[in-house]
Each structure stands twice: as C-alpha cells, then as structure tokens.
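Colleague: turn this into a structure:
(2 chains)
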Amino acid sequence: MTDQATLNAPRSAVNLVGLARADYKGAASTLCQGCGHNSIANQIITACYELNLVPENVIKFSGIGCSSKSPTYFLSRSFAFNGLHGRMPSLALGAMFGDIHLKGIGVSGDGDTASIGMGQFKHLVRRNLPMVYIVENNGVYGLTKGQFAPTAEKGLSLKKQGTNPYLPVDIALEALVANATFVARSFAGDAKQVKELIKAAISHNGIAVLDIISPCVTFNNQDEAVHSYTWGKDHEAPLHDISFIPAADEITVEDFEEGTTKEVTLHDGSMVVLKKLEKDYDPTDRWQALHMLDEAQKNNWLVTGLIYVNPFAPSLFEYFHLPDQPLNRLTERQLRPAPETMDKVNAMFY
Amino acid sequence: MTEGTTAVQIDSSETVHRIVNDFSITFGTTNGSGSQTANTTLLRAICHMGIPVSGKNIFPSNIQGLPTWYTIRVNKHGYLARKEISEIVIAMNPASFLKDVQSLPVGGVLFYADDIRLPIGREDITIYPMPVKKLAKEADAPSNLRDYIANMVYVGVVAQLLFIDLELIRKALDFHFKGKQKAVDSNFNVVLAGAAWAAANLVKKDPYRIEPMHETEGCILVDGNTAGALGAIFGGIQFAAWYPITPASTMPEALNEYLPLLRKDSETGRHTYAVVQAEDELAAAGMAVGAGWAGLRSMTATSGPGLSLMAEYAGLAYFSEVPIVIWDIQRVGPATGLPTRTAQGDLTEAAFFSHGDTQHVILLPGSVGECFEFGWKAFDLAERLQTPVFVLSDLDLGMNVWLSDRFVYPDRPMDRGKVLWEKDLETLGGEWSRYLDVDGDGITYRTIPGNRHSRSGYFTRGTGHDENARYSEEPEVWERNILRLARKYETAREYVPRPISQIQPGAKFGILAYGSTQSAIDEARDTLREEGIPTDFMRIRALPFTNDIGQFIDSHERIIVIELNRDGQMHQLLKIQFSDQCDKLISAAHVDGLPLTARWVVDQVKAQEVK
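Modeller: Below you'll find the predicted structure:
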C-alpha cells in the first residue's frame, strides 16, 4: 500500500495488519478545544495506522503536564507509562530493555523536557535510545495555568506573569549539541509535515527528537507570540517538502523531478524524500544543521522539517550484546546460574 | 608450615606469658599508598591458618594523602566485632604517628617505619623499628611501585614476629594478584626480605602469637557488597542502573565483574542482563522502575544522599505497583555526613519513603551470607508483592571483608509473581483488570510490555486510577485503591524473612537489633552471661514486622533496642507497631561513624540492670 493510496483510503479500511484507523485511537481528549496537542495525537494515530504498526508493539511514555496527558488520546491498546515530571527519559530507557523489539513513543512538553527534565533529556539523547521523543512545545505551563516555560521567547508578556526576561531554550539545538541522531522541528498547524516526520522518526533506529510547536489556545496564543497559531502560520519556513516512503514500497522516480530532491535511507530500509524548496539543505550535515538553527534563532524564523539525521549511528542496545529473545521472556533456566556454579563462586573467595 | 626464613629470636622472659589468637592489630597508613593490599594479605593468611579473623577499614573521604587505619582482629572464640583498643599498632604514617602510639594500651606493641623520626615517649610498650625505606629500596622495584612495595616490608616483619605462615602470605598474594606471577614475586620477595631482616635483627619481647587452628574450614572471606551482587546474579537479575556513591559503588562494580562470568547465555554467548551507569540517582531509580515495569528483575544500589534523590520514583513504584529492588548501603547522614563511615540511619526514611501514605518492605541483612541470600530473595519479594523492596545494608557490612560460611544456592525456584501472558489472557477471554484484587490479598495481576495479546496493554500512571487503570478522581475509587495497598502490606508479613532469636536461660532482658550490629551483640551477650546477666536476643530481618517480634516483646519484662543512629529509629518503628508495649521498649542508640563494639553493648545493658 503506497502512502498516497493510504491517504485516499476510506476511514473504515483496514491496513496490512488488519486494523482500521479506529483501532489506533485513544480515549477522548480532556485537553482544551483547539489545543495543538490534539492534532499531534491525531497525526500519531494516522502515522501508526499507515505504518501498519501493531499497537501491542508500541510502548507510550510521558512525563507530567498537558502534553504528557496526551498518550491517553492515542493507541489505547498499547502499554503506556505516564511517569514523573521531567523523568520520562530514564523510565523509557529502563523499560525499553524489557523487549528491544518494541517501538517507544514518548510525549513530553517544553517544561517537562527543557526545564525540570533537561538533564535526563540530554542524557537520553547522548545514549541514543531507539525511540520517538516528541516535545509538544507551547512555551507555557498549561496545567498550572500559564507560567513561563523555558522555551518562551524573551520579552513575551503573559497575563499574570509579566514579561519574560530570559532567552529561550532551543530544544532542537540542545538535542543536536547532545549528538542526537534524528532532530526535526514542526508546527502542529502543518499536519502533513507532522505526520511524515513522525513516520520517519518511528522508522529511525535511535533517538528521534521532534520539537513540535503546539500552540496553547488558552494561555499563549496571542498573535504576536512565537508559539501561537497565527505566528506559526505566518512565519513557518519549511526546509523542504518531506515525504516518507515505507521500506516495502518501490519509489517511482517520476513522482519527483530530478535534481530537486534529496533522499535519506533509514535503518529499516524506508526512505525520507526531501523536496527542495528555496535553499539547498543537507540534513545529514550536522554542522550545517547547527549553523541553520543559529541563523533561525537570530532571524526569528520558525524553520521546520528534518533538521538532522544520521541513520547509521549505533543505537544504545548495540553495546549490550543482548539475546534476540526479549529479556523479559527469559526463563529461570536462562537467568539463574546452575547449582554447580555455586561451588565455583565460593572457591573465588578463599 | 614454615615459620619464617630463620627461627625467631625470643626473649627468654616471653615464654612465661603468651597471648595466642586473641588480639587486634591496627595499621596506621596513608590513604592511597596501597596498604590495603598488604593488610588484606595478612588477613587472608591468618584466615588460612584456620583462625577467625575480621578486617575493618577506617578510611577518609579522600583519594590520596590523608591518614587511614585498618584493624585486623584475631579471635579464637570467633568474636569479630570492632574493639575499642588494638594491642598492636603498625605505624607507617608520620601524620598520625603520635596519635597511633598513644592509642596503645600498656603492654602493647609498636611496629614503626624507622624513617619516622618522632618521639615515641612510651616506656610501657614493646617497640620494633622497621627499616622500611631501606628494604624497599633494596628490593629493586620500579620507582613508581616503591611505595606500594614498602608496605610488604611490614607484612614480612609482622608475619615473622607473630608466627604467620609465610607460605600462606604467598598464597594470599597469589589470590590478590589473580595468579600474576610477576606481581606476586616482586611483592613476596619484599615480604621475605622483611621477614629475614626481622629474624636477624629483632628479639621478640611481646606475648602475642598466631597459632594454627581449624575454625575457618569451609569459610569464605568476602565483603557484603560483593555478596549482595552475587546474590542478585543468582536471583536472576536482568537490569541494574546506578550512580557512583560511597559506600555502594562496589556493589554494581561487582555486578559488572561477575555477570559476564556467570550470565552469558550458554548457547548464544549473549548477555542475559544489562547494567547502566545513569547520570544521577533520579535517573538510576527511573531506569530501574522502567525495567521492573517491563518485567525485568531490576535493581539499583545507593547510599543515603542517593536514596533521598530516589524518593520520587520509589513513590511512583509503590503507587503504580512496580517491582524493584533498592539497596541502600548506609553511611552516616544527614547531608553528605560522613561518607566513609557506617550507620543505620536511613531506616525511618526508607520505611515511609516518598510523599503521601507509603509503607515499604525492607530487608535487613545481618551478615555477608545474608547479603547474598537477600540478594536473590529481594527479587522474589518485589515481584510477588509488586512493590519496591529496600535492602538496608551499611558501610561496615558492605565494604569490609568478613569471614562467612559459604554462599548457599537458592533453596526455591524464582517467584515471578502474578503475571498474565498471552495464553493466560486467552484463558480469561481477555477479561482482566490491572488493579482488581481478585485473590483478596491486595496483590493484583499484571501484564508485561511485549505481551502481544490485544487486551494485554494498560495505562500505568502515578495519578489516581481505578481497577482498570483508568484515570480517576472519584473519592471512593481513591480510597478503595489506597486501602488495598495497605492490605497488600499486610500480606507482605507472610512473605518477609522472619527474625532469628537466641535464648539464654533466665534472661530478664530481651535485646532487639538488626543488621551489622550482630557480631558485637553476640560477643557482648557472652560477656554478660559470664557476669551473671543472661539475655535473649532477637535479630529483626525485615519490615513489615512479623508476629514473632510482638511475641518476643510480650515474653520479656524489658527490651533493649540496639542500633547505630541517634534517634533510635527501629525503636521508633517498634513503638508505632507495638504501641501497647511502649513502656518496655528501651532505646540504646549511638552513632559516631564506627562499627559497634561489644563493650558499648555490655555497658548499655548493665546501665539498665542498675536501674
């Protein structure tokens, strides 16, 4: 089933694993009407449906905050752990060792990741745990009613908080500095790009950081605010037009004009096709990525798209020589040394 | 047995008075000088001569340069607790020399490096100078190793004068250097040089001797942290996350050392475990909780400051019912406290760890053998009860080397608790509830990520949840769940290790204690009995308390609760649980960073006897 075919499919259609899109849904959202997080949850649902993922093969993780509630709103058949504020990375790292064949999808917020959880976030990134790490970035603390978040721009004025005196944290830049192997930025208002990036992130064999600007309609959606719908729509500057091609699909060259695209093959054989827009941009060049983010920061551009990818960096698990059989399926016979080893151990201490 | 290279010259008056296998030796050295190798070599050789022996390291929080002491106690009766006084001092450190000399009792023995040119000022002790620098120089060792080699001079001199078998010294070096012949030889040559010099130049004037016995056959010498790590390995550990902290680090380091030897899959050669050094204790706890939730036998090891950081995740594990094992190798708190000294000061913290209503299962190993045993049992308990299990060891137990019976292979299969896999869910027709108390014991059924049944998944959270793990703020749902957790804690009483008691006829006093204080209490009770004060003793091995403890309190007029902290934390917990018997419970608590001595215990009991 090609990507295009899926898009055009009727909603009741089943995918290659026999599931309808409805099988990927979660509980009804309790977030505000119009919250960017809801549209991201919808794109996760569509991406998983179109990728033919079995929900039982996905684990969802989150920290604390509005964003971290959202795993409730997609993939209700999957296992999930809504952990502690800023501490989702460590929880996910331990859990993913249980069965390394599962896919991890983490959802965090800008406070959860870039304030209380900055340390764990950066260490997760440098360890390259294979999982999707989505930051629903709205520049504000929603659940505690509208305080400044660390990604809020300098000079932002909020109702009860006054004016933010500090420079913002750039999550994509932080990820890149920590040697992330997949960094993307998107805007919740750009549904197609969000979906394609999520698919690519799920297919990446390593940490995939998605910093998605996701407006908070209640506390930080003033037209002039950087994290608002209006500002995002007016300022979004995509690096490229991105399409994700699953591993099983053949790419038909005529779909793309020669010389106008760049293709990146991911670890599982799937491919990201990046159609050139105004400028040339090579997302496999880390230095160019750092430079671009710096430029974007200076010029106040909301640059979106695949900022950096290195599909071949070893993932965390490659250092552990684990068996193919999931660790959590090993039996007592495999886990407890045999009785005769006891004598050998005792002999080591006399 | 070979007694040195030549016979010891003995002062004729010495034959009258001999003290055999009943004394302590304290080595005053400089931290980082390699004296630990020398000291444990002597300890191991004495052990191999069949004599009960213990070694205690009193060390500074420092890498190199500050004074450090190591005490070997040799005791034919098997009393291996710390003593206040050592009869023999080996003074190698000018910085602590005067203090070390002053510490000797009348009739004590001083061995000292003769390059220390400080006044000794004692007429009432035996003094043996040792030409340490001279012999080390003559040893022709590489200059970077000279300081380390110098310690072997005192090993030789002391062995010669105390009649320690030099062949067993060589064997101990062989053990230490794991058979590396070059290292063994270069060290042993210095030992021999020291022994030969002593034989030729010293006349033995002191009464202390080591004579062979047969009391250590079938024993091992091991520290509690290594023992706990090995216990965990035999318990099927699958995941450990940790962050370096004294005095716990040697436990995960032992995991890293022994797991590759014991837990490579025989068919595939793959590792059946993962050990991750985390960025801090917050993350170590988080990783351990994630792994425990995902069905792995998961642990972390830390000490007080790290434990405090783990409070948040431990509370989540308690409330979301995730099995994990947390070892706390206690040091002296509060705050950074005394990082290299021992205490039992984290008990009440662990008992009610994290905010809100919590109650925790705690294991209290009293020996290195029990560190091994609780190493595997803790996983069974954690998975059976789906809750964090704390194992409270301490620096004395964890880092010092103890004489122990051999480790005993687990006497029962692993208990993985109430887990539903695909076939179980098929049998149930997919009908199950994560937090529904089906069996009435407060323990509910869980599934594990990776279960491919379409009804296996559930949403784990630290927020209020109903029986089906759905978010809930309903008052009755909250109360039902939190009361079930209390019921589960009651169930834990049936599973935790019961206390061990020792009875003496005619005892008025009962002693309640736990952990590493056991050896001092055993010795004190013998002394007290000889002085006409018999005592009964119960060693508590776990929380929640079992009925045996209540019965023990019932059957005595007075109970002295002995522990190594300021506030009498076990005493506090006992008073909560056995509030109707509070008047009987007397606290004898004390903390100065050092292991408990029998003398202190005797004094405490006698003070009560007078009242």
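Colleague: wait, residue B:151 sits on residue B:42?
Modeller: No: at 10.2 Å, residue B:151 does not count as touching residue B:42 under the criterion of Cβ atoms under 8 Å. For glycine as for every other residue, the C-beta is placed from the backbone atoms N, C-alpha and C.
Colleague: quick check: phi and psi on residue A:208?
Modeller: Note on residue A:208: its backbone torsions stand at phi -120, psi 110 [degrees, to the nearest 10].
Colleague: could you check how far it is from chain B?
Modeller: From residue A:208 over to chain B the distance is 18 Å, taken as Cβ to the nearest Cβ, to the nearest Å.
Colleague: give me the beta-bridge partners of that residue?
Modeller: According to DSSP bridges, the residues that bridge with residue A:208 are residue A:132.
Colleague: can you tell me which residues contact it?
Modeller: The contact partners of residue A:208, taken as Cβ atoms under 8 Å, 6 or more residues apart in numbering or on different chains, are A:131-133, A:181-182, A:184, A:200-202.
Colleague: for residue B:350, state which of these is nearest.
Modeller: Within the set of the contacts of residue A:208, residue A:131 lies nearest residue B:350; the separation is 32.1 Å, counting by Cβ to Cβ.
Colleague: helices along the stretch 251-400 of chain B, start to end?
Modeller: Listed in chain order, the helices found in the stretch 251-400 of chain B under DSSP state H, counting those that start in this stretch are B:281-293, B:304-309, B:311-320, B:347-351, B:368-385, B:395-399.
Colleague: give me the contact status of the second one with chain A.
Modeller: No: using Cβ under 8 Å from any Cβ of the partner chain as the criterion, no contacts between helix B:304-309 and chain A are found, and the smallest distance is 10.9 Å.
Colleague: below-threshold pLDDT in the stretch 501-611 of chain B: ranges please.
Modeller: Of all residues in the stretch 501-611 of chain B, none has pLDDT under 70.
Colleague: nope, chain B is what I meant
Modeller: Using pLDDT under 70 as the threshold, the predicted model of chain B has low-confidence ranges B:1-7, B:12-16.
Colleague: let's go with 80 and repeat that
Modeller: Of all residues in chain B, those with pLDDT under 80 make up the ranges B:1-16, B:140-147, B:610-611.
Colleague: domain assignment for it?
Modeller: Described in terms of automatic domain parsing, the domain architecture of chain B consists of the residue ranges B:9-216, B:222-405, B:422-480, B:500-610.
Colleague: quote the end-to-end distance of stretch B:450-461.
Modeller: With Cα to Cα, to the nearest Å as the measure, the first residue of stretch B:450-461 is 18 Å from its last.
Colleague: coming back round to it: give me whichever of the helices of the stretch 251-400 of chain B is most buried.
Modeller: Of all the helices of the stretch 251-400 of chain B, helix B:281-293 carries the top mean neighbour count, a mean of 30, counting by mean count of other Cβ atoms under 10 Å in any protein chain shown.
Colleague: that one near chain A anywhere?
Modeller: Yes: in terms of Cβ under 8 Å from any Cβ, part of helix B:281-293 sits within range of chain A, namely B:282-293.
Colleague: number of residues surrounding the nearest residue to residue A:188 once chain neighbours are set aside?
Modeller: Distances taken as Cβ to Cβ, 6 or more residues apart in numbering or on different chains place residue A:36 nearest to residue A:188, at 3.4 Å, with adjacent residues excluded. As a burial measure, the neighbour count of residue A:36 was computed by other Cβ atoms under 10 Å in any protein chain shown and equals 29.
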